[in-house]
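Visitor: how would this look folded up:
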Amino acid sequence: MEPHYFLAVSLTQPAEEHLALQQEQWKKIYAFKKWTHPEDFHLTLSFLGSADSSFLEQFKTCLQEKLPVHHSFEVEVREVGTFGHSLKPRILWAGPEASDSLEQLYEDVQLCLEEAGRKRENRPFRPHITVAKKWDHQEPIALKQDLLPFILEVKDIVLYQIFPEKTPKYKGVWTYELTSKEGGD
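Guide: Next comes the predicted model:
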């Protein structure tokens, strides 16, 4: 079986630590079966699934061609939400405010998927950081908007390989650093 991969924005240490502290508070009030290991926090740009080395090389080459137009930027993470049925949500997430820079980055990633021979994601882009999975309670979740906002610095894009049996589960195998606006031009 081929390894599985995804492309994501990594969290800086301050953002990771902030969200980990918030997660500890949520563990006291939300009944989820699985909580994301703090080292696994990320904002997904594209889930690739199983991928061979030929596809990965084409995809990375395209990213190296398209990403130089993108500079590092910041978004404020201030939303809390769930995916799935409200009675039994699959995912608890923290998400950023709307960002044209993040949308444009996502679009270029989608173009690279196509150029490397894959289909674009057919669902709308819903940028988020997964904090927990699998609601484990008879009562519906009573979601509280209690996230203390924090800044997510989008300064690199990481290709992660998934190791389902390990903790943490994700290992960065390739990184593309975005140039800063001040120093890159």
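
Visitor: quick one, helices of this structure?
Guide: 13-27, 53-66, 100-115, 181-184 (DSSP state H).

Visitor: tell me the spacing between the nearest residue to residue 167 once chain neighbours are set aside and residue 18.
Guide: Excluding its sequence neighbours, the residue lying closest to residue 167 (C-beta to C-beta, 6 or more residues apart in numbering) is residue 37, at 5.5 Å. In this view, the C-beta of every residue, glycine as well, is placed from N, C-alpha and C. With distances taken as C-beta to C-beta, to the nearest Å, residue 37 is found 15 Å from residue 18.

Visitor: thinking again about what came up before, out of the helices of the chain, flag the one nearest residue 46.
Guide: With C-beta to C-beta as the measure, helix 100-115 is the member of these nearest residue 46 (5.1 Å).

Visitor: what number of residues lie near residue 72?
Guide: 17 (other C-beta atoms under 10 Å).

Visitor: hang on, residue 74 packs against residue 149?
Guide: No - using C-beta atoms under 8 Å, residue 74 is not in contact with residue 149; the gap is 11.7 Å.

Visitor: okay, residue 121: pLDDT?
Guide: Residue 121 carries a pLDDT score of 85 in this model.

Visitor: could you list which residues are in contact with it?
Guide: Taking C-beta atoms under 8 Å, 6 or more residues apart in numbering, we find residue 121 in contact with 46, 47, 110, 113.

Visitor: which parts of the chain are strands?
Guide: Applying DSSP state E to the chain gives strands spanning 4-10, 32-35, 42-50, 73-83, 91-96, 129-135, 150-154, 156-162, 170-177.

Visitor: give the closest residue to the residue nearest the centre of the chain in space, chain neighbours not counted.
Guide: Nearest to the geometric centre of the chain sits residue 43, at 1.7 Å (C-alpha atoms, centre = their mean). Nearest residue to residue 43, sequence neighbours excluded (C-beta to C-beta, 6+ apart): residue 9, at 4.2 Å.

Visitor: right, I'll call it a day here.
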